[in-house]
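[1] Got a predicted model here, sequence first, then my questions.
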Amino acid sequence: MDFDFSDDQVSLRDAVARWVDKGFSFERRHGIAKAGGRTREVYGELAELGLTALTVPDSHGGMGFGPVEAMVVMEELGRGLVNAPLAQGALMAPALLATGPAELKDAWWPQIADASALVVLAHQERAARYRLDRVATRAVAQGGGYTITGVKSIVPAGDEADAFVVPANLGGADDDDSGIGLFLVERSAPGVTLRGYPTQDGARAAELTLANASAQLITTDGLAVLQAAVDIGIAALCAEAVGVMDRLLAITVDYMNTRKQFGATLASFQALRHRIADVKMQVELARSMSYYATLRLADPEPRRRQAIAQAKVQIGQSARFVGQQCIQLHGGIGVTDEYIASHYFKRLTMIEMQFGDTLHHLGEVSDRMQETAGALV
Amino acid sequence: MDFDFSDDQVSLRDAVARWVDKGFSFERRHGIAKAGGRTREVYGELAELGLTALTVPDSHGGMGFGPVEAMVVMEELGRGLVNAPLAQGALMAPALLATGPAELKDAWWPQIADASALVVLAHQERAARYRLDRVATRAVAQGGGYTITGVKSIVPAGDEADAFVVPANLGGADDDDSGIGLFLVERSAPGVTLRGYPTQDGARAAELTLANASAQLITTDGLAVLQAAVDIGIAALCAEAVGVMDRLLAITVDYMNTRKQFGATLASFQALRHRIADVKMQVELARSMSYYATLRLADPEPRRRQAIAQAKVQIGQSARFVGQQCIQLHGGIGVTDEYIASHYFKRLTMIEMQFGDTLHHLGEVSDRMQETAGALV
Amino acid sequence: MDLNLTPDELAFRHEVRDWVRANLPADLSHRVLNSLRLSRDDMQRWAKILGAKGWLGYAWPQQFGGPGWNAVQKHLFEEECALAGAPRIVPFGPVMVAPVIMAFGSPEQQKRFLPGIASGEVWWSQGYSEPGSGSDLASLKTRAERHGDKYIVNGQKTWTTLGQYGEWIFCLVRTSTEGKPQTGISFLLIDMKSPGVTVRPIIMLDGEHEVNEVFFDNVEVPAENLIGEENKGWTYAKHLLAHERTNIADVNRAKRELERLKRIAKAEGLWDDTRFRDQIALLEVDVVALEMLVLRVASAERSGKHSLDIAGLLKIRGSEVQQRYTELMMQAAGPFGVPFMLEAMEAGWQGDQALGGMWPGGAAHCAPLAGTFFNFRKTTIYGGSNEVQRNIVSQTVLGA
Amino acid sequence: MDLNLTPDELAFRHEVRDWVRANLPADLSHRVLNSLRLSRDDMQRWAKILGAKGWLGYAWPQQFGGPGWNAVQKHLFEEECALAGAPRIVPFGPVMVAPVIMAFGSPEQQKRFLPGIASGEVWWSQGYSEPGSGSDLASLKTRAERHGDKYIVNGQKTWTTLGQYGEWIFCLVRTSTEGKPQTGISFLLIDMKSPGVTVRPIIMLDGEHEVNEVFFDNVEVPAENLIGEENKGWTYAKHLLAHERTNIADVNRAKRELERLKRIAKAEGLWDDTRFRDQIALLEVDVVALEMLVLRVASAERSGKHSLDIAGLLKIRGSEVQQRYTELMMQAAGPFGVPFMLEAMEAGWQGDQALGGMWPGGAAHCAPLAGTFFNFRKTTIYGGSNEVQRNIVSQTVLGA
């Protein structure tokens, strides 16, 4: 049992931190968000750092790293509030393709690794909310391949992506979880329509409409793969949230030590001091559960799912408290667009609702609860 | 719309307050609790004040007052932490008998009014938890009367009571709510066994075991009557809780203005000041909902039930916060038996669990929720 | 003690209700009920309708042309307006500066300024906060120096809500640096068209332009625009704060928004989800408790029989409830609250053309929810932050 | 980074587990696992068993006879003891005073006092708090005046946990009133059988006798019982506080009690009640997060590679979690937690005779639940109240 980072992990963290410090100022981030949230350029810079190759197998141009390295990177990107789809494009996509045919992996993994292709999961449907096993989009076998019809919403960086991994129903009822296939749909395929838009947290998403769009089969038994990839996404989100909170706390501490009211710094008022102690508590509980999620990501079911859900519940609670309190501690300046803190807050708010909110994951924890529990079991 | 108390109500309040000040010191209360919580003597003093006659119809030796007068009295008894079963014996019992045959009322109402008899509801069963419609105790018609068999738990002031109102099942399944009758069982009846014991909050309760005990029928359709009487009890509890909280707040304020640490009174520390502001908030929200419960007590269903459940949810939340925080604000002295605050805290804790705890009543509110809502609808 | 309205109160409520129904333009209530953007014209249109009826200054005494309602009637009026979806009255004129002019202004000032406020013709702004003076308002630095029959004003105000539309602004200015900070403050009315006044927008975190900075660069203000005596402005401002409280809990809007939350929850398939439904139920208890708190204050104010020490709680609790319903609405939308399209806040928005006239995910009611949640973080900050409010409440409770 | 135990750690855990299973008397674990009352003999019995094995001072360095375990091993030992239902080690001797004697005591003092502590023979108490000195410990007033080779001690200590059993007590006493309060404090070891020492019980709100007042009336204490230098006692006490933290979160007990809560919930028919179950689920998340926090601290302490600023959080969070599980257990019992029978806290209790050997309502597991909840209110107060802890944490976070 050991929570030290290896020297390589520390170097990786430092490299990302250096890039953020030098290349990703608040002004740049703000400009990107104002211009609609397109981040393919930033994504390319992350690729130059090697980050898009992080978890792609080294046999296919990647670095073959594991969850801990992903966590280290995501936390740093969170600290810098980097609005690029690294988790979706570089951490989840390789896992989504992993059970697919060799030719698909040979074609796409190297492109994912060098960021020449951005591949993202397009799974959100109107009626499904946070359930992965409800899929109304339909896939039909046609000739040697498949065609897909349906609408997927809020696809991350959707109109910047080159291809999509699409869960589609192979014939059962919408909530029949045995017939869910995963398919790769290229952006350029006939029948694909995209409508992109900016998001509340300064990034970009799109509606993806598929009308008999040609697709390549990844697997006909896709639910477990989908869940595993989403769990990778949740662990990445948790790490990102920790970085966001950590920096937002630091920003707030700076402000409290600078801003004066009634002839004294905000930091001198005991009620606010205790509040910042509570914020620190929530940040560290979140960090603890981010570690936990990452370190259990390779565990067999049901332990992985339970750990991920527990982590998301903690991160959701922490993100809410830390975000709202840090804004409150700022006062008026905290709710303006020109000041950095509000953007950290908005990202935290959106993280709570990504891949299932706190109530959803509380339900997951509650439903799976066992007699014994604990991190060290 | 008007929240002023009438002159008569103010006089009533003052009379109770005077008795508490003169006749019910903390030392007396503590002595009673230490000796096992028997309070029939105190109950007699309340009778002398006329309180046991409060809601008994004036045709039967009572005063025929309504819910507001009951609230005024209960709040004052709460303030004095009076551990006597007024709500059970004098507010609920008359209502439980109200649909019964005239001879029963003629026999018992006057005795209730002058406190020569203490009649309490004995409804708690092991498997029912807070549900009124689950009754395992059975009633069988025999000759002209009934006999009852079953066990009722935590009967308030049980071994001091003269008679019990007992819900019993007339033949259906345990959770068949159509066959629940209400019966009057006298303490002296054959087949009645009592085992009394003190309670955590300095009062007294008993296990009531009925083995073919003779009983007089009040009504064969008892669930609605039972629910209405319990709602009277909940409204009384809410009022009592407000009195308990109000006084506990005052005690804590006194302590904070007296106790010094680091060369300053506790009242001078901003973190504690904000805590006391939050305590005040919870007390006033509770008081508001106590008023609401009382003023809706005569409303038709489903509004009465919804209002009572909403009030109990608020009182439960407030009681918990106020109790726990006031103890915390005291520090060590707050958790000792010799200091008054801990006894207020224990009573508040027990109130939360009486007639259904906060989660139970949240369920009631949630299940009954309508499109529109508001106190003034 | 009675929760039911008296026949007179019922009649009053119905009179108000009927009038509001007959006179509130449907396009305005549509915007309000769906959290869409209101233009200056939208807000002023309703103000003028109320003004023509004599109800814009609904809390004014009859001697100044108000209806002379008691506290309960005022509450019922506020409730009917809120439930019908009327735009909130922009308070700076009729609710904030008017009572000060009535209490401390000269008869000339009353004659000059009150009619334009009562009719809704003149748009007023508030000039209190400064960049260095937020919670510590008394530390304000904007100077007004007396030169003959004029004041020369220099300095900066901030967080001036809707100041981009302002024609007049009432300001707290420093006229003396002697003694305690509170004793050197004066209350000045300034024409915003005066040379030297500049308004700069502050964009809020939801992308909206709602507040402003206002700069004063050697602005000449006739001395006749001083309210009351020089250096007594702090007293007048405190009087105003006492008047600002009446509707501050905004519980009537909360009642309306609670209903909207339920509709959204139903549309999003959450009405039968125990966990989410329980959150609504908890909020419903909060709303009822808040309403009872407000009614207790109104009843006590009307009867004058006993004073309540709970008015200070209204702002704290009201703002918390507001934040909670916006949070639950956003959570109900979940992923469908994520898109950020400012154009969807316009009443005329016909849905996204590329999506066949829809919002991403499909339900147009999701469009404003995240933005409203973000925007409402202000409610625990403005009007005296909740931390300042807790200072005040604890002072009352502890008596020290 | 790895959450799994290494083969060495696993082997260590199993060694401890096997030994605890073989040596922990079943009647003791029965009491502990059911929150029943422990007598002095119960506590000391286990202390002596550990002492004989050399594990009572499990955190001691090898030079003083300790096992020389690293932080992770210490954690695993604590976990195995807690999960097995061992009585908590009464900390005043082995955990609190011993490290001070080791660090600052003379070789003679070490030789004289440490063996009796290590073996569990001698019962120590703590004399820190005074009626006027709780959170503000440095204001303590108990005087020790030097007369030749003796100190004469006068004053009063309070909240002395289990002091009714104490043979020795380590005290902070005032030896000087000059300078800052902290600089006039000395650390004195006092034989509680000395003339002039009186112990008076304080009954807690749950009716139990757990803490005491200790009065000193002209008590003669040999000067050789002074630890280190006169007036340096505050420094030594702070050293002790640093050592006190290791197990302060008590997360291992929380893991065990979480399981008990689940069993109680099942027995009370609440396991399938979504609302109550969700409360357990939230607590489970809290317990896992707390455990991860503790493990991070242990790992950092062992590796020494980086310092963590989170140790101050352990006491706050640990006490909150403890209070929460006691509260949920009490709520699970609901009405059946209401009876108050002190006799039911005894291990030998055979149930109420008049109820056929039952607890009112029927389930004996309900007996201690309300009392334990009440008793646990102390956890956010003692050992430096959570308010004091927040002062400390905020100092670290704000750097000011």
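    Yep, that arrived. Numbers count the residues shown, from 1 in each chain, chains lettered A, B, ... in the order given.
[2] What's the per-residue pLDDT of residue 22 here?
    Since no chain was named, I'll use chain A. Predicted confidence (pLDDT) at A:Lys22: the value is 97.
[3] nope, chain C please
    What the model reports for C:Ala22 is a pLDDT of 98.
[4] Which of the helices or strands spans it?
    With elements taken from DSSP states H and E, the one containing C:Ala22 is helix C:7-23.
[5] show me the contacts for the residue in the stretch 101-250 of chain C that chain B sits nearest to.
    Among residues of the stretch 101-250 of chain C, the one nearest chain B by CB to the nearest CB turns out to be C:Ala249. It sits 11.9 Å away. C-beta coordinates here come from the backbone N, C-alpha and C atoms, glycine included. Residues in contact with C:Ala249, defined by CB atoms under 8 Å, 6 or more residues apart in numbering or on different chains, are C:Leu290, C:Leu293, C:Val294, C:Leu314, C:Lys315, C:Arg317, C:Gly318, C:Val321.
[6] Tell me which residue is most central in chain C.
    In chain C, the C-alpha nearest the mean C-alpha coordinate belongs to C:Pro91, at 5.5 Å (CA atoms, centre = their mean).
[7] what about the longest helix in the chain?
    Here I'm looking at chain A. helix A:223-258 (DSSP state H).
[8] hmm, I had chain C in mind actually
    In chain C, ranked by residue count with DSSP H as the criterion, the top helix is helix C:274-303.
[9] So which bits of whatever helix or strand comes next after that helix are buried?
    Where DSSP H and E defines the elements, the next helix or strand beyond helix C:274-303 is helix C:311-333. By neighbour count with 16 or more other CB atoms under 10 Å in any protein chain shown, helix C:311-333 contains the buried residues C:311-319, C:321-333.
[10] Show me how the record splits the chain into domains.
    Since you didn't name a chain, this refers to chain A. Listed domain ranges for chain A are A:7-113, A:119-220, A:225-368 (source: automatic domain parsing).
[11] think we crossed wires, I meant chain C
    Listed domain ranges for chain C are C:7-89, C:124-231, C:250-396 (source: automatic domain parsing).
[12] so which of the contacts of C:Ala249 comes closest to C:Leu270?
    Nearest to C:Leu270 among the contacts of C:Ala249: C:Val321, at 19.6 Å, using CB to CB.
[13] Isn't the closest one up against C:Val288?
    No - in this structure, C:Val321 sits apart from C:Val288 without contact. The criterion is CB atoms under 8 Å, and the distance is 10.6 Å.
[14] How is the residue of the stretch 101-250 of chain C closest to chain B assigned, secondary-structure-wise?
    Under the three-state scheme (DSSP: H, G, I helix; E, B strand; the rest coil), the conformation of C:Ala249 reads as coil.
[15] quick one: the strands in the chain?
    No chain specified, so I'll use chain A. Secondary structure of chain A (DSSP state E): strands located at A:119-121, A:138-142, A:145-156, A:163-169, A:180-186, A:192-198, A:204-219, A:260-261, A:264-265.
[16] Correction: the question concerned chain C.
    Assigned by DSSP E, chain C shows strands spanning C:124-127, C:143-147, C:150-157, C:168-174, C:185-191, C:197-203, C:209-222, C:226-227.
[17] will you turn those strands into JSON lines that also has mean pLDDT and distance to chain B?
    Formatted as JSON lines, the entries for the strands of chain C read as follows, by pLDDT from 0 to 100; distance: least, CB to the nearest CB, whole Å:
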{"stretch": "strand C:124-127", "mean pLDDT": "97", "distance to chain B": "26"}
{"stretch": "strand C:143-147", "mean pLDDT": "98", "distance to chain B": "32"}
{"stretch": "strand C:150-157", "mean pLDDT": "98", "distance to chain B": "28"}
{"stretch": "strand C:168-174", "mean pLDDT": "98", "distance to chain B": "26"}
{"stretch": "strand C:185-191", "mean pLDDT": "98", "distance to chain B": "25"}
{"stretch": "strand C:197-203", "mean pLDDT": "98", "distance to chain B": "29"}
{"stretch": "strand C:209-222", "mean pLDDT": "98", "distance to chain B": "27"}
{"stretch": "strand C:226-227", "mean pLDDT": "98", "distance to chain B": "32"}
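[18] Can you say which of those strands is nearest to chain D?
    Ranking the strands of chain C by proximity to chain D (CB to the nearest CB) places strand C:197-203 first, at 27.8 Å.
[19] by contact count, what packs against the closest one?
    strand C:209-222 (3 or more CB pairs under 8 Å, 6 or more residues apart in numbering or on different chains; DSSP states H and E).
[20] Tell me the buried residues in the strand it packs on?
    Of the residues in strand C:209-222, C:Glu210, C:Val211, C:Asn212, C:Glu213, C:Val214, C:Phe215, C:Phe216, C:Val219, C:Val221 count as buried by neighbour count, 16+ other CB under 10 Å.
[21] In the stretch 101-250 of chain A, which residue sits closest to chain D?
    Scanning the stretch 101-250 of chain A for the residue nearest chain D gives A:Leu249, at 7.5 Å (criterion: CB to the nearest CB).
[22] what residues does the stretch 1-150 of chain A put near chain D?
    Applying CB under 8 Å from any CB of the partner chain, we find that the stretch 1-150 of chain A lies next to chain D at A:Met1, A:Asp2, A:Phe3, A:Asp4, A:Phe5, A:Ser6, A:Gln9, A:Val68.
[23] residues near the last one, how many?
    Here the number of neighbours of A:Val68 (other CB atoms under 10 Å in any protein chain shown) works out to 19.
[24] show me the residues around it that make contact.
    Taking CB under 8 Å, 6+ apart, one finds A:Phe5, A:Gln9, A:Thr294, A:Leu295, D:Met1 in contact with A:Val68.
[25] Burial check on A:Pro94, number of neighbours?
    25.
[26] Next one, pLDDT for it please.
    98.
[27] A:Val185 is in contact with A:Phe164, correct?
    Yes - the pair A:Phe164 / A:Val185 is scored as a contact, 4.8 Å apart, by CB under 8 Å.
[28] Between these two, which has more neighbouring residues?
    The neighbour comparison of A:Phe164 against A:Val185 (other CB under 10 Å) goes to A:Phe164, with 30 against 25.
[29] ok, and the closest non-adjacent residue to C:Ile185?
    Ranked by CB to CB, 6 or more residues apart in numbering or on different chains and with sequence neighbours excluded, the top spatial neighbour of C:Ile185 is C:Gly233, at 4.2 Å.
[30] Show the pLDDT at the one you found.
    Predicted confidence (pLDDT) for C:Gly233: 97.
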